[in-house]
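A.B. asks: predicted model and sequence below, questions to follow.
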Amino acid sequence: MPGNRNPEDALFDDLEAEEQRLAEEEQAELEAADEAEENEPVDPNDPKNILSVLDKLKAENEELKDKALRAVAEMENLRRRTAREIADTRSYAVANFARDLLGVGDNLQRAIQAVPEEKRESGSDEFKALIEGVEMTERELLKSLTNAGVKKFNPEGQKFDPNMHQAMFEIPNPELPSNSVAQVVQEGYTIGERVLRPAMVGVAKGGPKFEDVVSEESEDGDTEATDQDSDS
């Protein structure tokens, strides 16, 4: 009951209430001070205020400059990527059609090679005209392919490259560099920087390493060049 309240408890309750009141008054004073500071008019001639505004403007300027540079870089990358895609489309749009025409060219070449030279000499004028017509058709076809960016390549003597060549068989030959193209069964074709059709080749086996042969040839070439310089 209130009449039986311990004096010590009453004292502690009064102290706690006083602390709470002081805390509330302090918080109210802080809030009032913050509000007064916010509402206080800014002196434009105050050096501190001028420096503060300059720092703020400088930070905003750096941020805008960074955004502008990023936007310019992105647009440049987009321009380059678009230009590259357009160039690729122009270069490789006819790739499938050109690949089909290679088969036609192969058949024309086989037809020409199937006629021995003596048959051409002894044949009738009509037969010779037919052969010349086939040869002319092959030349025009190859010319059209060249104009479309298609190029023929013969890798004989080069190092075997699985990206450019298709190995058909191996040729044991200790005199040829190992892993070099010893025989070309069918020449390859490229369009732009891509392989349109790999060359069908026979690969040498059993000879010295290709790298060693190339290195020796390079050293021999340097020696000859040095001798020529000395003689001169």
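C.D. replies: Nice, thanks for sending it over. Numbers count the residues shown, from 1 in each chain.
A.B. asks: any chance you could map the strands in the chain?
C.D. replies: Ranges of strands in the chain, per DSSP state E, are 150-153, 165-172, 181-186, 188-191, 194-197, 199-205.
A.B. asks: so which of these is nearest Ala83?
C.D. replies: Ranking these by proximity to Ala83 (CB to CB) places strand 194-197 first, at 18.1 Å. Quick note: C-beta positions are derived from backbone N, CA and C, even for glycine.
A.B. asks: quick one: low-confidence parts of this protein?
C.D. replies: With pLDDT under 70 as the threshold, the chain has low-confidence stretches at 1-14, 34-46, 216-232.
A.B. asks: domains in it, by residue range?
C.D. replies: Domain segmentation of the chain under automatic domain parsing yields 66-148, 150-232.
A.B. asks: tell me which of those domains sits most buried.
C.D. replies: When those are scored by mean count of other CB atoms under 10 Å, the highest mean neighbour count falls to domain 150-232 (a mean of 15).
A.B. asks: mind naming the longest helix for the protein?
C.D. replies: Residue-count comparison of every helix in the chain, with assignments taken from DSSP state H, identifies helix 47-92 as the longest.
A.B. asks: how far off centre is it?
C.D. replies: 23 Å (CA atoms, centre = their mean, to the nearest Å).
A.B. asks: now stretch 97-110
C.D. replies: The chain centroid and the centroid of stretch 97-110 are separated by 31 Å under CA atoms, centre = their mean.
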